[in-house]
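Undergrad: Just to be clear, the model below is a prediction. Sequence and coordinates:
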Amino acid sequence: MNLEINMLTEFGDFLADGHVGNSVMSRRVESVWNQCVSIVFDFQGVNNLTDSFVHATFGNMVEEHGEEFMKKCRFKGCSPLVKSFLSIAVGEGMKKHMERKTN
Amino acid sequence: MQHTVIIPSHVFEEQLPQLFNRLHEANHYDEISIDISRVEFLSPAAIVTILARCHQWKRQNKNLCLIGLNQCSAAGYLKRMDFLQHLGINHGYEQNRHPPAGRFVPIQSLTFATGSVDLLASEITQCILPESSCYDDEYRLIQYATGELLSNGKYHSEGRAFVSAQFFPKRNLVRIAIADDGVGIRQKFLTTSRASEAADANSAIRLALIPGVSSALLSPSGLYAARNHRGVGLSLTRELVKGANGEMLIATEDGWFYEKQGEIVPHSGTVYYGQGTLVAATFHRDHIADYTEMHAKAMRDIGMFSEGSADIFLD
Ligand SMILES: Nc1ncnc2c1ncn2[C@@H]1O[C@H](COP(=O)(O)OP(=O)(O)OP(=O)(O)O)[C@@H](O)[C@H]1O
Ligand SMILES: [Mg+2]
């Protein structure tokens, strides 16, 4: 199955609440993770976000799934700002994933 | 026993310790009068501090009353801010509501159970920068900082948080402040593996400002709370404030942290905010440049940077 999450409809144009982010992701994404071949997060229309949101939401997902996240998940419709936030959160998540693996 | 707290005439960040101490003196009394007759100017930090403290006293069933409104030259401003309504104490004056003029944000409040972080942050930003578009750098920076501080008030304080903001056209400054009557930063770390580094309120503030440090992540209560926080909000806001040549203030119990244009300004003598936490951020609009770059720099400065994951983007 291919899953697409529209970030604007799920969260609005300013993503700032990591609790809401996490709970939506666990309901919409984690619950079907194994059945999904590809997951696309569509950021079209998202104007701004906070690090709390992006690290709690995607940092966790990357930390947990590591290489599988990199294979399965893609982002689209991102502004330069959103790209910059996501790159850092994904990078940090991967770092934590590697630390977990070596420990 | 009755006590009167005389609110000083002008309270900017520098005069906050004096305000805190006056409020603290009243803690031991059951009947407290708040005298605002001398008030000419209160910064957002002062306003939310008074509200958070009065909220705590009300929870403790103390009798509060407001005096001196008729003599107060800032009465119109306080009314337009919804200060009296949020104070929720009998002041015996008629409440004439005027729409806000755009230079300040009427006070709002939120708790763990009520109030949306993102909607409230956007509303506050629109109100404080009415002529900006939501794509402007300054708009996104203020929205970011407000979002991070509101998230902390909502999810960490365990109390009620009051928020206010104001634009000062003469100096081109935006001030945002959020104060709560919750458990305070030190308490949050008490049950974590780093409790020894938060033995007093000042150490707890230093710990909270370390990038990646979150009491939720360190909490033994397990995965649920831990997943929702990564310890990035306060440290990033501090870096962005530095990038805008601004000021960051954190007060909790007897802890005090005040950084102005990148320099920590110590306070001699005791400062006692009391129960809960106050965080205030001031931004110089003249120093707000490309927000995407400001944010990336702030990230690099705290040691977080991306390592070329361009292939995760489809376009
Ligand atoms: N209003 C508050 N009341 C009590 N504790 C607070 C408050 N604000 C911050 N803290 C403490 O400071 C810590 C650091 O705050 P910070 O915003 O940097 O991280 P976080 O909120 O835990 O994670 P994130 O911001 O990534 O969601 C928090 O974990 C919490 O322990
Ligand atoms: Mg936070």
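TA: Sure, I can see it. Ligands and ions are numbered 1, 2, ... in the order given.
Undergrad: Moving C-terminal from the strand ranked longest in chain B, which element do we reach first?
TA: In chain B, ranked by residue count with DSSP state E as the criterion, the top strand is strand B:274-284. Per DSSP states H and E, the first helix or strand lying C-terminal to strand B:274-284 is helix B:291-301.
Undergrad: Average pLDDT for that following helix, rounded please.
TA: Helix B:291-301 shows a mean pLDDT of 94 in the predicted model.
Undergrad: and it, does that touch chain A?
TA: Yes: interface with chain A: helix B:291-301 contributes B:Y291, B:T292, B:H295, B:A296, B:M299 (CB under 8 Å from any CB of the partner chain). Backbone N, C-alpha and C define where each C-beta goes, glycine included.
Undergrad: one step back: can the longest strand of chain B be said to contact chain A?
TA: No: Strand B:274-284 is not in contact with chain A by CB under 8 Å from any CB; minimum separation 13.6 Å.
Undergrad: Dump the residues of helix B:291-301 next to chain A to CSV, plus neighbour count and distance to B:R227.
TA: Compiled in CSV, the residues of helix B:291-301 next to chain A are given as follows (neighbours: other CB atoms under 10 Å in any protein chain shown; distance: CB to CB, whole Å):
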residue, neighbour count, distance to B:R227
B:Y291, 24, 28
B:T292, 17, 27
B:H295, 23, 23
B:A296, 20, 25
B:M299, 25, 21
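Undergrad: hmm, which two among those are most spread apart?
TA: Greatest spacing in those, by CB to CB: B:Y291 and B:M299 (12.4 Å).
Undergrad: Kindly report the residues of the stretch 201-315 of chain B close to ligand 2.
TA: Within the stretch 201-315 of chain B, the positions lying close to ligand 2 (CB under 5 Å from the ion) are B:G233.
Undergrad: Just the buried residues of stretch B:58-75, please?
TA: Within stretch B:58-75, the residues scored as buried using 16 or more other CB atoms under 10 Å in any protein chain shown are B:K58, B:K62, B:L64, B:L66, B:I67, B:G68, B:L69, B:C72, B:A74, B:A75.
Undergrad: now do stretch B:113-128
TA: B:115-118, B:120-128.
Undergrad: near ligand 2, anything from that stretch?
TA: No: judged by CB under 5 Å from the ion, stretch B:113-128 stays clear of ligand 2, getting no closer than 10.0 Å.
Undergrad: check contacts around the residue of chain B found nearest ligand 2.
TA: Nearest residue of chain B to ligand 2: B:G233, at 2.7 Å (CB to the ion). B:G233 makes contact with A:T50, A:D51, A:S52, B:E148, B:L149, B:S151, B:N152, according to CB atoms under 8 Å, 6 or more residues apart in numbering or on different chains.
Undergrad: pLDDT at it, what is it?
TA: Note for B:G233: predicted pLDDT of 96.
Undergrad: wait, what's in contact with B:S33?
TA: Taking CB under 8 Å, 6+ apart, one finds B:Q2, B:H3, B:T4, B:V5, B:L64, B:C65, B:L66, B:I67 in contact with B:S33.
Undergrad: Quick check: it is in a strand.
TA: Yes: under DSSP: H, G, I helix; E, B strand; the rest coil, B:S33 falls within a strand.
Undergrad: Spatially, what comes nearest to it if we skip its sequence neighbours?
TA: Nearest residue to B:S33 in three dimensions, chain neighbours excluded: B:T4, at 4.4 Å (CB to CB, 6 or more residues apart in numbering or on different chains).
Undergrad: Would you mind giving the secondary structure of that neighbour?
TA: With three-state DSSP as the criterion, B:T4 reads strand.
Undergrad: I'd say it and B:D35 touch.
TA: Yes: at 5.4 Å, B:T4 and B:D35 qualify as touching, with contact defined as CB atoms under 8 Å.
Undergrad: any common contacting residues for these two?
TA: Counting by CB under 8 Å, 6+ apart, the shared contacts of B:T4 and B:D35 are B:I67.
Undergrad: any idea how far B:Y291 is from the residue of chain A found nearest ligand 1?
TA: Relative to ligand 1, the nearest point of chain A is A:S52 (3.4 Å; CB to the nearest ligand atom). Between A:S52 and B:Y291 the computed distance is 17 Å (CB to CB, to the nearest Å).
Undergrad: Sounds good, over and out.
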